[in-house]
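> A predicted structure for the sequence below; I have some questions about it.
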Amino acid sequence: MPMRHASTRLRSPRTTNGFTLVELVVVLGIIALLVSVLVIAVSGARESARVVQTTATMSAMSQGMVAFREDVGYLPPLLDESRGLMSPPPLDDGNIFERMQGYYSITSPAEYLLGYGHHGMDGFGWDSDDDDFAYQFGPDALDDSSNDDPNHIYQDESDRFGIRHPGADGVWTSTYATANKGTLMGRRERFINGKAKDDGPVLGPYMALPGKGVVGSLAWSHGDEDGDGDEDGHEGVGEWDSAGIDPVSGQPRVYFPGEEGYDEHGAQVICDAWGGPIRYYRLNYPGTPGRRYPSTQEPYSPSLSQFIALRPWEFEPGSATDYLVPSGGELWGDYNSTLDADGRRGDSSTTFELQSGEFAFMSGGPDRRINNWQRTDSPGVGGNDGTRFKDDWHFNWGSIPGSNPQYPVPETEEVNRDNIVEVGS
């Protein structure tokens, strides 16, 4: 009987219509990695673009300062947050080293480079053919009871940017005001009394009007000018609102057009690409802003190196030198109290550029924070050892108005490394 062989059938491998779980996890992981790389790249590009934008803004400001000096004969003085004159600390001040760290302005750049506001603030014009001129600018102009419109003094006001010559004192002779000396109110007092003229050429503006998001206002309170318990409503003559301090950065808050809190009549500031006000530093001067200390001044000759925050984190080869300030019979470089063999305290490293520069602009960079007290990490100094101290010398040189907070100074490396500085001469 013939033997029968079992037939065999070729079987094709099993086919699938989707990913296995392992394959899906791998693909998702690759996608997540690519997205994270893309986010980092986009974020880095955005930050780089902001650095470029801020550098360009400060470069334009620096050029504007040079042009202002050519027209007026001196660099703009420093104004406080209420647009009043900051008096320079004398070199024989017992706290000169501390107080110089707060000797900078965030309101001067917009005040002098752009020239905004009404004629009673900067000496710039009105319509002299106005039949109502005598009424508007008479001795009762400060009294709102003479008119239902609290802004009647500013009728026929020109909206053009620019300023008149700010005079020998730099603030339209407001340092000679009967009251409110050196303040914004003092300017208007002088103007209304005919002591500050608005004749002569219009100066500036000294830089192109920056784009949206560059010029903003500080928190502003119109204040109680007449003591009756009510806000008087005079445009632009109030006080900086001390509640407007950003608790994260320790710097004043800035509001831009369209934002709640913006006040077109408040003090204007020019900001970096992160919305922080750009600081303006200039050499300390005796008396009027056109004067300078002689190079032989004792006990030392001021330079921009005295501002610790301006000193760079890293130095280019061949750019470093030293600058020391005599204080209490010792030589200080910053607030690291370590005493070296030569009797010097702290880090005195600076640059030749700061030694010869006459003014500077500074941005806090992406983190918007600035440590005024030391250039690099210093053990035993607030912020680097977990302790806290008041970083408040700028605000009234003693305490931040209002709540007087203890602002914690962060580690220097995390704060000052990203600062952006433009030095001019």
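Right, received. Where do you want to start? Only a predicted model underlies this, so the values are computations on that prediction, with no experimental measurement involved.

> tally of neighbours for the closest residue to residue 78 other than its chain neighbours?
Closest residue to residue 78 apart from its sequence neighbours, by CB to CB, 6 or more residues apart in numbering: residue 105 at 4.0 Å. Quick note: C-beta positions are derived from backbone N, CA and C, even for glycine. The tally of other residues near residue 105 (other CB atoms under 10 Å) stands at 25.

> partners of residue 105 in the sheet?
Here residue 105 shows beta-bridge partners residue 280, assigned using DSSP bridges.

> roughly how far apart are it and residue 289?
Distance, residue 105 to residue 289, using CB to CB, to the nearest Å: 12 Å.

> hmm, residue 80 and the residue nearest to residue 78 touching each other?
Yes. Residue 105 lies in contact with residue 80 (CB atoms under 8 Å); the separation is 7.2 Å.

> could I get the pLDDT score of the nearest residue in space to residue 184 that is not next to it in sequence?
Using CB to CB, 6+ apart and skipping the chain neighbours, the partner closest in space to residue 184 is residue 83 (4.6 Å). Looking at residue 83, its pLDDT stands at 92.

> that older thread, which residues sit in contact with the residue nearest to residue 78?
Shown in contact with residue 105 (CB atoms under 8 Å, 6 or more residues apart in numbering): 78, 79, 80, 86, 279, 280.

> next one: residue 308
Residue 308 neighbours (CB under 8 Å, 6+ apart): 101, 334, 335, 372, 373, 374, 375.

> and if you look at residue 361?
58, 61, 62, 109, 278, 279, 280, 281, 421, 422, 424.

> name the SS class of the second one, please.
For residue 61, the secondary-structure state derived from DSSP: H, G, I helix; E, B strand; the rest coil is helix.

> do the same with the first one
State at residue 58, reduced to three classes by three-state DSSP: helix.

> that one contacts residue 422, correct?
Yes. Contact criterion CB under 8 Å: residue 58 and residue 422 qualify, at 3.9 Å.

> of those two, who's got more company?
Comparing residue 58 with residue 422 by other CB under 10 Å, the one with more neighbours is residue 58, at 24 against 20.

> need the pLDDT of the more buried one.
For residue 58, the predicted pLDDT is 97.

> do residue 275 as well
We have a pLDDT of 93 for residue 275.

> can you count the residues close to it?
That count, for residue 275 with other CB under 10 Å as the rule, works out to 16.

> can you tell me the helix or strand for it?
Here residue 275 sits in a region with no helix or strand, counting by DSSP states H and E.

> look up how far residue 210 lies from the closest residue in space to it that isn't next to it in sequence.
Nearest residue to residue 275, sequence neighbours excluded (CB to CB, 6+ apart): residue 254, at 5.8 Å. The gap separating residue 254 from residue 210 is 13 Å, by CB to CB.

> again with residue 381
36 Å.

> any idea how many residues pack against the closest residue to residue 220 other than its chain neighbours?
Setting aside the residues directly before and after it, residue 220 is nearest to residue 266 in space (CB to CB, 6+ apart), at 3.3 Å. Residue 266 has 26 neighbours, counted by other CB under 10 Å.

> now swap in residue 320 and tell me
Neighbour tally, residue 320, other CB under 10 Å: 14.

> and it, what are its bridge partners?
With DSSP bridges as the rule, residue 320 is bridged to residue 351.

> can you check the one 5 residues further on too?
Beta-bridge partners of residue 325, counted by DSSP bridges, are residue 332.

> from residue 113, how far off is it?
30 Å.

> surely residue 411 touches residue 384?
Yes. In this structure, residue 411 is within contact of residue 384 by CB under 8 Å, at 5.7 Å.

> overlap in contacts of these two?
Common neighbours of residue 411 and residue 384, using CB under 8 Å, 6+ apart, are residue 377.

> the more surrounded of these two?
For residue 411 versus residue 384, neighbours defined as other CB under 10 Å are more numerous around residue 384 (20 against 13).

> ok, the more buried one - contacts?
Residue 384 neighbours (CB under 8 Å, 6+ apart): 374, 377, 378, 411, 412.

> with adjacent residues omitted, what lies nearest to it?
Closest residue to residue 384 apart from its sequence neighbours, by CB to CB, 6+ apart: residue 377 at 5.0 Å.

> does that neighbour touch residue 414 like I think?
No. Using CB under 8 Å, residue 377 is not in contact with residue 414, being 9.4 Å away.

> which of the two has more residues huddled nearby?
residue 377 (17 against 13).

> so how far is residue 297 from the more buried one?
32 Å.

> run through the strands of the stretch 301-425 of the chain in chain order.
320-322, 325-327, 330-332, 344-345, 349-351, 359-363, 420-424 (DSSP state E, counting those that start in this stretch).

> show me where the stretch 1-150 of the chain has strands.
Taking DSSP E, counting those that start in this stretch as the criterion, the stretch 1-150 of the chain carries no strands.

> low-confidence ranges in it?
The stretch 1-150 of the chain contains residues with pLDDT under 70 at 1-19, 41-44, 125-150.

> what are the ranges of the helices in the stretch 1-150 of the chain?
21-72, 96-100, 108-109, 119-122, 133-136 (DSSP state H, counting those that start in this stretch).

> tell me how far the longest one is from the chain's mean position?
This points to helix 21-72. 21 Å (CA atoms, centre = their mean, to the nearest Å).

> my guess is residue 61 meets residue 112, correct?
No. Residue 61 is not in contact with residue 112 according to CB under 8 Å; the separation is 10.2 Å.
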